[in-house]
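Participant: pasted the sequence and its predicted model underneath.
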Amino acid sequence: MKIIIVGAGQVGFHIASHLALENKDVVVIDQDVAALRRVSDAIDVQVINGSGSSPAVLEEAGVANAEIVLAVTNSDETNLVACLVADILSPSTKKLARIRSEAFDAYHESFRKNAPHIDTLINPDEEVLRTVDLFMSVPGAVDVGEFAQGRVKLVGVNLEPTSSVCGMRLSDMAKSLKERRPLIAAVVRDGRLIIPRGNDRLLTGDRVYFIAEEKNLLDTLAVFGKHSEPIRRVLIIGGGRIGLRLAERLESRGIYTKIIEILPDRCTFLADRLNKSVVLNGDGSDKALLIEENAQEMDVVAALTGDEEINILASLMVRQLGARKTITKISKFSYLPLMPAIGLEQVVSPRLSAINSILHHIRRGKVLSAISIQDEQAEAIEAVAMETSEIVSRPLKAISFPKGVLVTGIIRGERVIIPTGDSVIEPGDHIIIFAQREAIAKLEKILAVKLEFV
C-alpha cells in the first residue's frame, strides 16, 4: 500500500511513524525543511520538499500509483487544493483531508460528491467534542471509544484500591461477578500495555480497558467502583472553536454553562452567538477568578484554550479547589504521557483525535472504525466478517490469530456477544479486535485476505 502524506507536522509525523512500522510505502511532502528532517531522521519513509498542492510534486511522489492521499497540513485551504490536484492527476486515489474551519462544515457533502471528490473529511474539533461528550457521560473513564454506532463501548479506567476487583485473577471474575463480568481487553501497567491472561491479577494503579454494551455500561463501571453522577453545571475555559461548540451543545441540553475567555472581542462574539451561557472576560488560569466564579462547585471544568500550559495549570487549580471532574485539551504529544503523573486523567487531543479518525480509513479491509490506545501501543478495530472468510463458522479457539490479537466482541444484528473460545463468527458479523501494534501488520493480512475485505 502506497500512501502520500501532505504535511509533516505532528499529525503527519505520527501517522507516517505508525504506517512505517507496518512496512507500508509512505511518502511525506512538506515545504518545511526542518519538519522533513525530523521525519527522515526518525522514520524510514521517503520525504519530498515542496508544496503538496503542486502537480509536479504530487507526480514526483507517485500519486498515480498511490492508494491514499492524506492532506493533514495546518491549512484547510492547502489540504483542499492538494486533494483537488490529486483528484485531477489520479481520480481513483482515495483522498482524506483534515478540515477544521466551521466555515466549511456545510460543504462537506459537496466536497465528497463534486470536485475535489474527497472521500473522507475529518474535523478534529468535532472529534474532540465527541470525546468530551463521552467523558461526561461515562463516569470515571480516562479513555473511551465507541463501536457499532455507540452500542458498544471500549472504556479505560484507573483501578483504585477500593475497587472490589483489585487483586482478583481474571479467571475468577466469571465465578465472582457472574453476568456482570466485563471482558478485559488490555491492562496498562507502568506505562506498558499487555493483553492479560486468565492467571493475571488486576492491581491497584492499573489502567484497565474493557468492552461493554451501552445498556450495561453503568453496571460494568460499578464493578470497578465508578458510579454515575448527574452533570448540571459546566465551566469552559477558552471560547475558541471547540469551547463555543461545546457551549452550544450544553445549552441545547439545558446544562448551566459558563465560559471564561481572555479576549474581549471574542467575548462579545460568544455573547452574541450563545443564548443562555454566561460569558466572562478573564484569564482562566487566574485562581482568584476561578474561586470568584465558584469553579469548585462545578460538576465539570473543561480547559479548552489554545495554550496547553494554561489548560494544564487551570485544570490543576480547579482540581485543588474541589471541582468534581476536569477535562484538559492537550495538543503536544510529548505532554500526553505526563498527564496521569500530575493527576490529569481525562485529556483530549485534537491531533490524536484526527489520527484515530484517519487510521480506520487507511486500514485494508472493511474496517468500520479504529481507535489508537495508550500512545499507539495498540489499536481496537471494528471490522466485518465476509461470507467467504476462513474465520467464520469455526470456534475462536480453533483459529490461529497472531500473537497480541484478541477478539473482544461479536455484533450480530442487534445482539452483542462477549466472546469465549467456543464462540463462532458468522458471515456478516461485526467483530471488535484488540491488537498490539506489532501484530497489526499480520492482522491486516487476515482482514484483507481471509476476510476478503475491499
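Facilitator: Alright, I've got the coordinates.
Participant: I'd guessed E297 sits against R233; true?
Facilitator: Yes - contact criterion CB atoms under 8 Å: E297 and R233 qualify, at 6.8 Å. Where you see a C-beta, it was placed from the backbone N, CA and C, and this is true even at glycine.
Participant: quick one: the strands in the stretch 351-454 of the chain?
Facilitator: Under the criterion DSSP state E, counting those that start in this stretch, the stretch 351-454 of the chain contains strands at 367-373, 378-384, 405-412, 415-417, 430-436.
Participant: buried set for the third one?
Facilitator: Under the neighbour-count criterion of 16 or more other CB atoms under 10 Å, strand 405-412 has 405-411 buried.
Participant: circling back: kindly reformat the strands of the stretch 351-454 of the chain as JSON lines containing mean pLDDT.
Facilitator: Below are those laid out as JSON lines (pLDDT from 0 to 100):
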{"stretch": "strand 367-373", "mean pLDDT": "73"}
{"stretch": "strand 378-384", "mean pLDDT": "86"}
{"stretch": "strand 405-412", "mean pLDDT": "90"}
{"stretch": "strand 415-417", "mean pLDDT": "87"}
{"stretch": "strand 430-436", "mean pLDDT": "90"}
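Participant: reformat the ones you listed as CSV; add distance to T131.
Facilitator: Shown next, in CSV, are the strands of the stretch 351-454 of the chain (distance: least, CB to CB, whole Å):
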stretch, distance to T131
strand 367-373, 11
strand 378-384, 15
strand 405-412, 20
strand 415-417, 22
strand 430-436, 19
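Participant: among those strands, which is nearest A288?
Facilitator: For the strands of the stretch 351-454 of the chain, the distance to A288 is smallest for strand 367-373, at 39.2 Å, taking CB to CB.
Participant: need the pLDDT of L359.
Facilitator: We have a pLDDT of 75 for L359.
Participant: next, count neighbours for the closest residue to it other than its chain neighbours.
Facilitator: Distances taken as CB to CB, 6 or more residues apart in numbering put A370 closest to L359, at 4.3 Å, once the chain neighbours are dropped. Neighbours of A370 under the rule other CB atoms under 10 Å: 23.
Participant: ditto for S334
Facilitator: S334 sits with 8 neighbouring residues when counted by other CB under 10 Å.
Participant: same check on E382?
Facilitator: 23.
Participant: same check on Q377?
Facilitator: By other CB under 10 Å, 16 other residues sit near Q377.
Participant: domain parsing for this structure?
Facilitator: Listed domain ranges for the chain are 2-122, 128-223, 233-348, 353-450 (source: automatic domain parsing).
Participant: look up how far A302 lies from I211.
Facilitator: Look at I211 and A302: by CB to CB, to the nearest Å, they are 27 Å apart.
Participant: ok, N311 next?
Facilitator: Note on N311: its distance to A302, by CB to CB, is 9 Å.
Participant: quick check, I48 in a strand?
Facilitator: Yes - under DSSP: H, G, I helix; E, B strand; the rest coil, I48 sits within a strand.
Participant: which residues does the nearest residue to it once chain neighbours are set aside form beta bridges with?
Facilitator: Closest residue to I48 apart from its sequence neighbours, by CB to CB, 6+ apart: I29 at 4.9 Å. For I29, the beta-bridge partners are V6, I48 (DSSP bridges).
Participant: list the contacts of I29.
Facilitator: By CB atoms under 8 Å, 6 or more residues apart in numbering, the residues touching I29 are 4-8, 47-48, 50-52, 57-58, 61.
Participant: tell me the pLDDT at it?
Facilitator: With respect to pLDDT, I29 scores 98.
Participant: who has more neighbours out of I211 and A302?
Facilitator: More neighbours surround A302 than the other of I211 and A302, with 30 against 24 (other CB under 10 Å).
Participant: which of the three states applies to the more buried one?
Facilitator: The three-state assignment at A302 reads strand, by three-state DSSP.
Participant: could you do the one 3 residues further on as well?
Facilitator: Put simply, T305 is coil when judged by three-state DSSP.
Participant: so how far is I259 from it?
Facilitator: Applying CB to CB, the value for T305 to I259 is 11 Å.
Participant: need the overlap of contacts for these two.
Facilitator: With CB under 8 Å, 6+ apart as the test, T305 and I259 both reach 237-238, 243.
Participant: circling back to that earlier point, what's the overlap in contacts for N311 and A302?
Facilitator: 237, 328-329.
Participant: would TSV of the residues you listed with secondary structure, neighbour count and pLDDT be doable?
Facilitator: Written out in TSV, the entries for the shared contacts of N311 and A302 read as follows (DSSP: H, G, I helix; E, B strand; the rest coil; neighbours: other CB atoms under 10 Å; pLDDT from 0 to 100):
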residue	secondary structure	neighbour count	pLDDT
I237	strand	32	98
T328	strand	25	97
K329	strand	27	96
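Participant: tell me how many other residues crowd the nearest residue to P402 once chain neighbours are set aside.
Facilitator: If the residues on either side of it in the chain are set aside, P402 comes closest to K442, at 3.9 Å by CB to CB, 6+ apart. For K442, the neighbour count with other CB under 10 Å is 16.
Participant: give me the nearest residue to A378, chain neighbours excluded.
Facilitator: Nearest non-adjacent residue to A378 (CB to CB, 6+ apart): Q436, at 4.8 Å.
Participant: ok, that neighbour to Q374 distance?
Facilitator: 10 Å.
Participant: between the two, what contacts are shared?
Facilitator: L193.
Participant: so where's this structure uncertain?
Facilitator: In the predicted model, the chain carries pLDDT under 70 at residues 178-180, 360, 363-369, 375, 447-454.
Participant: the helices in the stretch 101-250 of the chain, which residues?
Facilitator: Counting by DSSP state H, counting those that start in this stretch, residue ranges of the helices within the stretch 101-250 of the chain are 108-113, 124-137, 170-177, 217-223, 241-252.
Participant: which stretch among those helices comes nearest S389?
Facilitator: If we rank the helices of the stretch 101-250 of the chain by CB to CB, the stretch that ends up nearest is helix 170-177, at 28.4 Å.
Participant: re earlier: and which of the shared contacts of N311 and A302 is nearest to Y107?
Facilitator: For those, the nearest to Y107 is K329 (25.9 Å; CB to CB).
Participant: skip the chain neighbours and tell me the closest residue to the closest one.
Facilitator: L304 (4.7 Å).
Participant: was I right about the one you found contacting I237?
Facilitator: Yes - counting by CB under 8 Å, L304 touches I237, with 6.5 Å between them.
Participant: just send the contacts of I29 back as JSON lines, with neighbour count and distance to F147 too.
Facilitator: Putting the contacts of I29 into JSON lines (neighbours: other CB atoms under 10 Å; distance: CB to CB, whole Å) gives the following:
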{"residue": "I4", "neighbour count": "29", "distance to F147": "29"}
{"residue": "I5", "neighbour count": "29", "distance to F147": "27"}
{"residue": "V6", "neighbour count": "31", "distance to F147": "30"}
{"residue": "G7", "neighbour count": "27", "distance to F147": "29"}
{"residue": "A8", "neighbour count": "29", "distance to F147": "31"}
{"residue": "V47", "neighbour count": "22", "distance to F147": "35"}
{"residue": "I48", "neighbour count": "20", "distance to F147": "37"}
{"residue": "G50", "neighbour count": "16", "distance to F147": "39"}
{"residue": "S51", "neighbour count": "19", "distance to F147": "38"}
{"residue": "G52", "neighbour count": "31", "distance to F147": "33"}
{"residue": "V57", "neighbour count": "20", "distance to F147": "38"}
{"residue": "L58", "neighbour count": "28", "distance to F147": "35"}
{"residue": "A61", "neighbour count": "25", "distance to F147": "34"}
